[in-house]
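**Student:** just a sequence and a predicted model for now, questions to come.
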Amino acid sequence: MVDLFKAEWRRFMRLACIVGAVTLFLLAFMTRMVDLLQQPLLVYRVGAFIAAFMGILLAAVQMAMHRRPNAWLYLLHRPVAPAGIAMALSGAAACALFVAIALPVLLALLGVEWMTVRIVDARHWLLPMCGWAIAFASYLTCACIVLAPRRGMVFLLCLPLAMLAPFSGVYALLVQLAVVALAGGVLLAFFKPNLQGMPRSPIAHVTVIVLMQIGVTIALYWALTLGTEFGLMAIGRHPLNGIPPSGGYAEAERADSATLLRHGIGLAPAHALLREQAGIAEQAAWGPGVANYPRYGQISAPMPLEIEDETRHVRWSFSHDHGAFHGIRLTDQSDAGWLGRDGIVQGTLTDADRFEQPPLVFEDRYLITEHQLYQFDANDQSMHLRVNFPDDEHFTAAPKTLGGRVMILGSRRLHMVNAHDLTQQRDVLHDEYVLPLDGAIDNMGRVDVAELLDGYLVSFLHGRQSYHQDVAAWQTVYRIHEDGRAELLNRRELGRDYPVWFRHLGWWASPVYYGLQHRLGWIASDDAEGLPTSIGMMIATLGLLCLAATAWWLSAVRMSRTSRLTWIVANGIVGLPGLIACLLLYPSRERTAKPVLPRTASAPA
């Protein structure tokens, strides 16, 4: 086993060193241009995709070379168990991926730590292992696909997608290592002398089938969605392409503020003056844009946690370990100190200087955590707490200025504060007007506000989730009087731009997996109306058809009665993914009639 590992490692060592050197050069070059440790989530995902692609490419080359009949026979017919051979090959690949991916990242981190004044947090030291885990999990999955006897095993590529689970820090690494362990176990099950059969272990057999069905579910959902979208575009009936349907959510979402406010107010004669003012008044439009806030120890963030002080040419970057911003002078790359909750820190950082959680930065002056809004004053390098939300509400967007008011959109209310107080004072602001939201924030598309002579017009447009869920779409318009009273002027129901069957494609693809996601609250909006009875009946009918099709297809397949019954019942529940997996695992060439026994020759007389 050790000799096989050494031989395989020598085969890929030179290539791994070349790739590692190129990776290190690119990282060093990019580090001179930007701070790679403060990049948004998209940059980290691109890096993860490159690591996964390298793992897949290595598995495709290595296993395709060994899978050839003569090579496979030579590989396994030696005094080593198949599991030991698999561990030797995958161990050499793990070392190659470490040299090509993890080692360059580690050396780049050491270079930043020793040769610059930038801060390297403890979370950053997880990056080499995370990159290696992503690459190795992708390698193991692709190796299973290459060795598997069925082409449908390509759907096992869904396994690395589990590493996109919403965990952070050490927990994200633990999830990635769990995926590596699972993929490694599946590879050991496929690593056997007879490559034409499925794994014999019941646990491995069921695991492969479940993973395959999950992959089919994901592929089927996107195939149905994209196929429908492109089909509607081809025939010129797409609701979002060209002129949107009249009275629908897409039309309202694309309208300018004046038009949207006038339509929302309605045609009541008593509101004629308001409709006229809505067309000429100063307006502001924005919407919720912050869904997730970073946590301490989280490897990535939705946006760079940096403040650009153009007055003093200082860049402040947030450090998770210290809970404050570390400054670097851009003129000479020297240390500029620390910036905490109370401004510039003189001396050692204390707990009082530490932010409650890593803040998001807007306009280089607003620092927003989940419940607090801080304002940074570049003139005197001070920091002030301006808004403090209760625990049941969080910020969803940066402040928006309109005339003499600053509007702050929370998850439960729209707050309006005095703009003069925000710029001239340094105390915690108090609301002048508060308007409760009339729907879930995850379904809100936009907010439009117009400044009247004696108050404000406020429009809430709901229906952002109505394209792909059974969620209502509507618009409500309020008038806020000078004394703070909120008057509901009109509620306008909006049409659903997509047909009902399209909004439930997830249920069509797989009622079990999609229903589980709804139960866990991963995809369901708080404004969801539930599954219509007609769609439920259609899904039940589809389940019965899948059950009958499975029974007919497996009737000519040689398997035990228990296995056949399990397949039939499971596909009646799972639906199309189970049926497709069954068709791929038992193709038509393996379906036979009753076995034909050889005719016995009669004895000579």
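**Tutor:** Done, it's in.

**Student:** center of this protein - which residue?
**Tutor:** Nearest to the mean C-alpha position of the chain, by CA atoms, centre = their mean, lies Leu164 at 6.3 Å.

**Student:** pLDDT score for that one?
**Tutor:** Leu164 is assigned a predicted lDDT (pLDDT) of 82.

**Student:** show me where the stretch 401-550 of the chain has helices.
**Tutor:** 419-424, 500-503, 505-509, 511-520, 533-554 (DSSP state H, counting those that start in this stretch).

**Student:** could I get the ones you listed as CSV with mean neighbour count and distance to Ser168?
**Tutor:** In short, each C-beta sits where N, CA and C put it, glycine included. Shown next, in CSV, are the helices of the stretch 401-550 of the chain (neighbours: other CB atoms under 10 Å; distance: least, CB to CB, whole Å):
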stretch, mean neighbour count, distance to Ser168
helix 419-424, 14, 32
helix 500-503, 16, 32
helix 505-509, 21, 26
helix 511-520, 15, 18
helix 533-554, 15, 36
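
**Student:** out of those helices, which gets nearest to Ala48?
**Tutor:** When these are compared by CB to CB, helix 511-520 sits nearest Ala48, at 22.4 Å.

**Student:** what's the closest one in contact with?
**Tutor:** When contacts are defined by CB atoms under 8 Å, 6 or more residues apart in numbering, helix 511-520 is touched by residues Ile214, Thr217, Gly506, Trp507, Ile523, Ala524, Ile539, Gly543, Ile573, Val574, Gly575, Pro577.

**Student:** lowest-confidence entry in those?
**Tutor:** Confidence-wise, Ala524 trails the rest of the contacts of helix 511-520, at 62.

**Student:** by contact count, what packs against the helix or strand harbouring Val175?
**Tutor:** Per DSSP states H and E, Val175 falls inside helix 170-190. With contacts taken as 3 or more CB pairs under 8 Å, 6 or more residues apart in numbering; DSSP states H and E, helix 170-190 sits against helix 82-97, helix 127-147, helix 202-234.

**Student:** got the CA coordinates for that helix in CSV?
**Tutor:** This file holds the C-alpha atoms of helix 170-190, laid out as CSV (Å, rounded to 0.1, in the frame of the first residue of the first chain):
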residue,chain,number,x,y,z
VAL,A,170,-15.1,26.0,12.2
TYR,A,171,-18.6,24.6,11.6
ALA,A,172,-18.3,25.2,7.9
LEU,A,173,-15.0,23.3,7.9
LEU,A,174,-16.7,20.4,9.9
VAL,A,175,-19.4,20.2,7.3
GLN,A,176,-16.8,20.1,4.5
LEU,A,177,-14.9,17.3,6.3
ALA,A,178,-18.2,15.4,6.8
VAL,A,179,-18.8,15.6,3.1
VAL,A,180,-15.2,14.3,2.5
ALA,A,181,-15.9,11.4,4.8
LEU,A,182,-19.2,10.5,3.1
ALA,A,183,-17.7,10.7,-0.4
GLY,A,184,-14.8,8.6,0.8
GLY,A,185,-17.1,5.9,2.1
VAL,A,186,-19.0,5.8,-1.2
LEU,A,187,-15.7,5.5,-3.1
LEU,A,188,-14.6,2.6,-1.0
ALA,A,189,-18.0,0.9,-1.8
PHE,A,190,-17.4,1.4,-5.5
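
**Student:** residue boundaries of the strands in the stretch 301-450 of the chain?
**Tutor:** All strands of the stretch 301-450 of the chain, identified by DSSP state E, counting those that start in this stretch, fall at 306-309, 314-319, 324-329, 334-340, 343-344, 360-362, 366-368, 372-377, 382-388, 400-402, 405-409, 413-418, 433-436, 444-452.

**Student:** tell me where the stretch 1-150 of the chain has helices.
**Tutor:** With helices called from DSSP H, counting those that start in this stretch, the stretch 1-150 of the chain shows them at 2-33, 41-67, 69-76, 82-97, 103-115, 127-147.

**Student:** got those helices as CSV, with mean pLDDT, mean neighbour count and distance to Glu482 columns?
**Tutor:** Shown next, in CSV, are these (pLDDT from 0 to 100; neighbours: other CB atoms under 10 Å; distance: least, CB to CB, whole Å):
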stretch, mean pLDDT, mean neighbour count, distance to Glu482
helix 2-33, 90, 15, 53
helix 41-67, 91, 18, 43
helix 69-76, 75, 13, 83
helix 82-97, 89, 20, 66
helix 103-115, 94, 17, 55
helix 127-147, 93, 25, 55
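
**Student:** that older thread, mean neighbour count and mean pLDDT added to the strands of the stretch 301-450 of the chain, as TSV?
**Tutor:** Shown next, in TSV, are the strands of the stretch 301-450 of the chain (neighbours: other CB atoms under 10 Å; pLDDT from 0 to 100):
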stretch	mean neighbour count	mean pLDDT
strand 306-309	18	89
strand 314-319	21	91
strand 324-329	22	91
strand 334-340	18	88
strand 343-344	16	86
strand 360-362	21	91
strand 366-368	23	91
strand 372-377	19	90
strand 382-388	17	90
strand 400-402	15	91
strand 405-409	23	92
strand 413-418	20	92
strand 433-436	16	93
strand 444-452	22	93
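
**Student:** want to try a markdown table for those, with distance to Cys144 as columns?
**Tutor:** Below are these laid out as a markdown table (distance: least, CB to CB, whole Å):
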| stretch | distance to Cys144 |
| --- | --- |
| strand 306-309 | 42 |
| strand 314-319 | 41 |
| strand 324-329 | 44 |
| strand 334-340 | 49 |
| strand 343-344 | 55 |
| strand 360-362 | 40 |
| strand 366-368 | 44 |
| strand 372-377 | 48 |
| strand 382-388 | 52 |
| strand 400-402 | 51 |
| strand 405-409 | 47 |
| strand 413-418 | 51 |
| strand 433-436 | 53 |
| strand 444-452 | 43 |
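
**Student:** which one, of those, ends up nearest to His66?
**Tutor:** Using CB to CB, these put strand 314-319 closest to His66, at 47.1 Å.

**Student:** got the angle for the closest one vs strand 334-340?
**Tutor:** 60 degrees (axes from the mean of the first three to the mean of the last three CA atoms, to 10 degrees).

**Student:** got the contact list for strand 314-319?
**Tutor:** Residues contacting strand 314-319 (CB under 8 Å, 6+ apart): 35, 37-38, 118-119, 121, 304-309, 324-330, 336, 339, 355, 358-359.
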